[in-house]
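Participant: sharing a model that was predicted from the sequence below.
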Amino acid sequence: LAFSRARVVRVPKGPLIRVVGTEVVIPCSVSDYDGPSEQNFDWEFSRETDFVRIVSTWDSTFTSEEYQKRVGHGDIKLRRSSNDAVELVIRNIQPTDQGRYKCSTPSTDATVQGNYDAEVQVKVISDGLSVSGSKARSSMSLRLSEGDSFKLRCSAVTTSLEHTHLHVTWQIKSGSTWQDILSLTHEGKFQPGPGYEERYRNGDIRLDTGANDTYWLSVSQASSVDGGTYRCLVSEWVRGADSTWQKIQEKSVEIASVAIQRTDVVISTSNVSVTERDSLDLTCNITTDRSGIFQAEVMWYFSMSPDDTLSDAQVLLSMDRDSVVSDSTLISLSHVDRNSYRLLVRDVDVEDSGYYFCHAAVWVPLHNGSWHKVVERTSAPVSVVVTALEPDYEVFLNASKTPKFSDDPTELNCRITNSQDTKANIRFTVSWYYRPRLRSDDVVTEELLATMDADWTLLLGDRGRERTQKGEIIFSKKAVDTFSLRIQWTSESDRGDYFCVISAWSRHRNNSWVKSKDVSSASVRIFWATQDYTLTVEAVKLKPFFVAGHTFEMTCKVSSKNIKTPRYSVLITAEKPLTDQSNPNGTTRIISLNQDSVVRLEDWTDQTRVDGVVLEKVQENEFRYRMYQTQISDAGLYRCVVTAWSPGGGGMWREAVNGLSNPIQIDFQTSGPVFNVSVHSDSPTIYQGELADLLCIVTMEGMALEPDDMSFDVSWFAVRSFALDREPILLASLDRRGIVMQSRRNGSSDLSLERISPLEFRLRVHGCEDHDFGNHYCVVTPWVRSATGVWQREPDIKAKPIFLSVKMDVLNAFKYPLLIGIGLATVIGLLSCLIGYCSSRWCCKKEVQETRRERRRLMSMEMD
């Protein structure tokens with residue numbers, strides 16, 4: 001294919017049939033050439049034998065004298081469409097231009113290959129196409145009503161001797177451009193224009209052919225978009241030598257100017273405002289210039305929004321084309337004149353406010369006696385506002401009971417006065433509001449306490465909901481014109497401004513109630529002067545000096561001011577030293593006594609001394625705390641936390657103020673022994689399955705004690721990490737009575753804890769596993785018996801942890817698998833040898849007969 005590449009010059013396949021007086025365009029292109037991308041072209045013409053030069057793209061002197069004038073005037077020119085293609089354009093072609101046209105390209109190839117010119121035959125025929133409209137010379141004018149039908153006529157005929165086809169298109173111009181309506185193509189197909197497809201399928205637009213080469217455009221159900229100038233556009237087509245259709249000429253003629261009179265539906269009045277109980281009068285006018293017989297179908301609609309569609313709106317009343325009106329009690333529809341329809345709504349109500357619009361359809365009779373709907377329109381909505389008949393009244397608020405102290409009752413009365421025009425269909429409800437009083441200039445918003453709806457159902461606000469449900473706030477209606485608000489026990493948070501709003505409700509025709517007016521009262525201030533509560537608590541230590549084992553006793557004296565009949569609740573707290581392991585937070589709640597003198601142990605956890613602490617009420621403002629058999633671990637600062645309570649509403653107590661006493665210190669000055677604890681292990685690194693021994697050794701400094709005068713609580717803990725960054729896990733504990741407690745374990749290893757000497761305690765881990773590693777330490781609580789025979793608990797002592805490492809014994813881990821593997825391999829090998837020997841000996845034995853050999857002497861090599 002590469003070697004067969006050569007220049008190819010192409011022109012259309014002839015003959016080209018063209019009509020005299022039209023413009024002819026003959027394209028010429030070249031392909032598969034060498035050299036520059038832009039190629040030059042020469043055109044020549046021949047009527048019989050010799051060619052005459054017409055025009056060239058590269059040589060201005062190429063044109064012969066015969067064509068210089070036409071080329072100079074632009075009647076003949078070359079139009080380049082690309083680098084390798086041009087078009088020869090001949091304007092107003094004449095019969096003398098009929099002949100052969102040759103397009104040639106100068107060679108730019110390295111070798112001469114292919115064709116460098118091409119010829120096409122052009123045939124010029126006479127103009128036999130005529131297009132006309134009506135018989136009148138000028139276009140006619142039509143004035144129609146919306147919904148009418150009309151027909152337009154166009155005549156098109158050709159006398160050409162060639163086999164040509166006509167393409168007829170009806171067009172309309174409503175602005176500056178022509179738009180296709182419907183076409184009958186040269187192939188005999190109907191083709192609707194853009195936007196006319198639906199009307200063509202419905203049969204509203206048709207193109208019919210008639211006698212004498214006439215083409216009729218029929219339009220039914222004319223609308224405003226059908227107004228404009230209509231023309232008939234006819235083009236003549238001929239099939240070329242390549243079997244494609246070519247348009248050879250085109251003519252048009254304006255047929256008519258059509259004006260469509262729009263049918264409008266308008267409500268005679270604009271926005272309307274009427275008073276309640278009056279009548280609403282609206283008129284729907286149909287604007288049309290129809291002079292013939294027609295009937296209108298009218299429907300009135302109502303909606304709350306001007307944007308609602310017909311399906312969303314409510315149908316009020318309708319009248320069909322026979323003037324039959326649908327039934328209604330308070331609404332009537334009458335036919336005033338030929339184009340006007342009146343809607344009358346009697347005794348209007350506030351709920352009749354909204355938007356009204358009418359929908360009309362125009363019907364005309366047909367020749368067969370049936371009626372045909374030609375147009376339907378919907379008017380613009382008209383806003384109707386019904387003004388309610390508001391009753392005239394005033395609202396007065398007064399306080400029949402005002403508090404002078406906290407928890408006193410408050411009662412407010414909201415009264416309706418000077419009421420006028422309050423008929424039987426008027427009902428009053430009340431809404432109560434509270435506005436807090438602030439000293440600053442901040443914007444204060446009122447809070448809703450309660451409100452009533454039309455059927456006197458009470459709806460509570462967020463502020464007083466809980467207190468109202470408990471009966472502390474009471475809303476009532478004392479009389480027809482009086483509403484009451486009562487607060488049983490007024491608190492400081494209730495101080496502020498109160499006001500009420502009386503709402504008037506009107507009953508409508510459907511027995512529903514609609515709010516028509518709100519009147520607010522002046523505010524009433526509820527306030528009384530108060531002083532801040534003060535509370536003073538003093539703690540006194542009754543015995544200034546005592547030793548461990550004796551009873552600690554202190555009293556708390558309370559004094560208060562500006563509190564009405566107070567009662568007190570007392571809580572005893574202790575602040576232990578930070579070295580105390582039992583309470584790392586520092587403060588311990590020991591025992592409490594509430595305002596009803598009920599005693600409760602709080603955080604007292606010493607089960608051996610459950611009855612060792614006592615809190616009692618000596619006088620109304622004095623309380624005494626006792627702690628029996630004090631221990632050294634009880635050292636710390638002791639305080640009284642007192643809360644003053646005042647009586648609240650409903651027999652409840654209300655917290656008034658809190659107070660804290662001065663601290664009382666318990667400090668034991670002793671010269672007893674000092675204990676130290678350490679952890680030791682001979683082998684902190686062990687293998688899995690071995691025994692781990694950990695020793696907790698207690699050493700004593702200072703005064704020596706007999707073994708029977710001291711005892712220890714020992715607890716072992718483990719932290720499963722290297723950096724002590726996790727919570728410790730209790731492993732086991734041994735109390736001073738010798739009772740061992742173990743925590744629950746997940747692994748297969750086991751623990752044992754025992755005392756091997758008065759000051760040594762051993763923890764053993766049997767069958768260690770990998771999860772037994774970590775930091776291990778013990779916590780020891782010494783108990784020392786005093787001279788009086790009382791056991792005293794010393795502070796807890798924590799030992800420095802020791803890290804226990806558990807390793808895996810590789811030899812023991814692989815010993816049994818290796819022995820089993822070698823044994824199995826030996827057995828399988830011996831079994832394989834035995835099977836092979838038996839098979840070769842008995843199963844696969846074959847008798848082989850040996851041929852007898854003659855015993856002859858060997859010949860000598862000389863005889864061979």
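Facilitator: Thanks, I have it.

Participant: nearest residue to residue 767 in space, please, no chain neighbours.
Facilitator: residue 749 (4.8 Å; C-beta to C-beta, 6 or more residues apart in numbering). Every C-beta, even on glycine, is put in place using the N, C-alpha and C of the backbone.

Participant: can you check residue 180 too?
Facilitator: Spatial nearest neighbour of residue 180, excluding adjacent residues (C-beta to C-beta, 6+ apart): residue 193 at 3.2 Å.

Participant: also residue 132?
Facilitator: Closest to residue 132 by C-beta to C-beta, 6+ apart is residue 155, at 4.8 Å.

Participant: so what's that neighbour up against?
Facilitator: Taking C-beta atoms under 8 Å, 6 or more residues apart in numbering, we find residue 155 in contact with 130, 131, 132, 133, 212, 213, 214, 215.

Participant: go again using 10 Å as the cut-off
Facilitator: Counting by C-beta atoms under 10 Å, 6 or more residues apart in numbering, residue 155 makes contact with 130-135, 210, 212-215, 232, 234, 253.

Participant: beta partners for it?
Facilitator: As for beta bridges, residue 155 partners with residue 132, residue 214 under DSSP bridges.

Participant: and it, how far is that from residue 184?
Facilitator: 14 Å (C-beta to C-beta, to the nearest Å).

Participant: and residue 639, by the same measure?
Facilitator: Residue 639 sits 111 Å away from residue 184, going by C-beta to C-beta.

Participant: show me what the lengthiest helix in the chain is packed against.
Facilitator: Longest helix in the chain by number of residues (criterion: DSSP state H): helix 810-838. Helices and strands touching helix 810-838, by 3 or more C-beta pairs under 10 Å, 6 or more residues apart in numbering; DSSP states H and E, are strand 685-687.

Participant: for whatever helix or strand comes next after the strand it packs on, buried residues please.
Facilitator: Note on strand 685-687: by DSSP states H and E, the next helix or strand toward the C-terminus is strand 692-701. For strand 692-701, a neighbour-count test (16 or more other C-beta atoms under 10 Å) marks 692, 694, 695, 696, 697, 698, 700 as buried.

Participant: what sits against the first one?
Facilitator: Listed by C-beta under 10 Å, 6+ apart, the contact set of residue 692 reads 681-686, 749, 751, 763-768, 772-773, 776, 804-806.

Participant: of those residues, keep whichever come out buried.
Facilitator: 681, 686, 749, 751, 763, 765, 768, 772, 773, 776, 804, 806.

Participant: does the first one touch residue 777 like I think?
Facilitator: To tie it back to what came earlier, the one meant is residue 681. No. Using C-beta atoms under 10 Å, residue 681 is not in contact with residue 777, being 11.5 Å away.

Participant: anything in contact with each of these two?
Facilitator: By C-beta under 10 Å, 6+ apart, the residues touching both residue 681 and residue 777 are 694, 802.

Participant: nearest residue to residue 690 in space, please, no chain neighbours.
Facilitator: Setting aside the residues directly before and after it, residue 690 is nearest to residue 768 in space (C-beta to C-beta, 6+ apart), at 5.8 Å.

Participant: and the pLDDT for that neighbour?
Facilitator: The model reports residue 768 with a pLDDT of 87.

Participant: before we move on, what about residue 668?
Facilitator: 69.

Participant: do the same with the one 5 residues further on
Facilitator: Listed pLDDT for residue 673 reads 80.

Participant: and the next helix or strand past the helix or strand where residue 418 lies?
Facilitator: Using DSSP H and E, the element containing residue 418 is strand 410-420. Sequence-wise, the next helix or strand downstream of strand 410-420 (DSSP H and E) is strand 426-436.

Participant: helices or strands up against that next one?
Facilitator: For strand 426-436, the contact count by 3+ C-beta pairs under 10 Å, 6+ apart identifies strand 392-401, strand 410-420, strand 447-452, strand 458-460, strand 473-479, strand 482-487, strand 496-507, strand 513-520 as packing neighbours.

Participant: out of those, the one nearest residue 647 is which?
Facilitator: strand 482-487 (15.9 Å; C-beta to C-beta).

Participant: quick one: low-confidence parts of the stretch 101-250 of the chain?
Facilitator: Within the stretch 101-250 of the chain, the stretches with pLDDT under 70 are 135-138.
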